[in-house]
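A.B. asks: Build me a model:
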Amino acid sequence: MAERRQPARPRTAGGHELTAAEAGRRALTEIAGLTGKEPEGVSGVEPLDEGWLVTVEMLEDRRIPSTTDLLSAYETELGLDGELISCRRVRRYARGREESYRDRS
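C.D. replies: Take a look at the predicted model:
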């Protein structure tokens, strides 16, 4: 049976490996600063050839009750140095609504 190879972790310009946790924290900070919205958390991190793709959940609009808050998901791409390359909102939804899973396979 052939061994499945994992992609190499992206490295910063200084040679330091940017971990998934570091990429997630960096994307969270960058999107919060860019949008001025309150971050909810990171819901996905995956390595790319030249960096990381991180999905960040943000609070778009606080409502009462909180189960009706509007949230959004942003896909962010970070370069090898951890700098934000691109971002886009891919989904907007109410907190209390069941969300359908989107499989990228």
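A.B. asks: Quick check: next helix or strand after whichever strand or helix holds T29?
C.D. replies: Take DSSP states H and E as the rule and T29 turns out to sit in helix 20-35. The helix or strand immediately downstream of helix 20-35 is strand 38-48, counting by DSSP H and E.
A.B. asks: and the next element down the chain from that following strand?
C.D. replies: For strand 38-48, the following helix or strand on the C-terminal side (DSSP H and E) is strand 51-61.
A.B. asks: how much does that next one deviate in direction from strand 38-48?
C.D. replies: Using axes from the mean of the first three to the mean of the last three C-alpha atoms, to 10 degrees, one finds that strand 51-61 and strand 38-48 are set 160 degrees apart in direction.
A.B. asks: In terms of secondary structure, what does strand 51-61 contact?
C.D. replies: helix 20-35, strand 38-48, strand 70-79, strand 84-94 (3 or more C-beta pairs under 8 Å, 6 or more residues apart in numbering; DSSP states H and E). Where C-beta positions appear, they are placed from N, C-alpha and C, glycine not excepted.
A.B. asks: For the ones you listed, could you give me a markdown table that also reports mean pLDDT, distance to D61 and mean neighbour count?
C.D. replies: Shown next, in a markdown table, are the helices and strands packed on strand 51-61 (pLDDT from 0 to 100; distance: least, C-beta to C-beta, whole Å; neighbours: other C-beta atoms under 10 Å):
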| stretch | mean pLDDT | distance to D61 | mean neighbour count |
| --- | --- | --- | --- |
| helix 20-35 | 94 | 12 | 17 |
| strand 38-48 | 94 | 10 | 15 |
| strand 70-79 | 94 | 4 | 20 |
| strand 84-94 | 93 | 9 | 14 |
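A.B. asks: ok so, going back, give me the angle between the helix holding T29 and strand 70-79.
C.D. replies: Relative orientation of helix 20-35 versus strand 70-79 (the same axes, to 10 degrees): 120 degrees.
A.B. asks: by contact count, what packs against helix 20-35?
C.D. replies: Where contact means 3+ C-beta pairs under 8 Å, 6+ apart, helix 20-35 is packed against strand 38-48, strand 51-61, strand 70-79, strand 84-94.
A.B. asks: closest to A32 out of those?
C.D. replies: When the helices and strands packed on helix 20-35 are compared by C-beta to C-beta, strand 38-48 sits nearest A32, at 4.7 Å.
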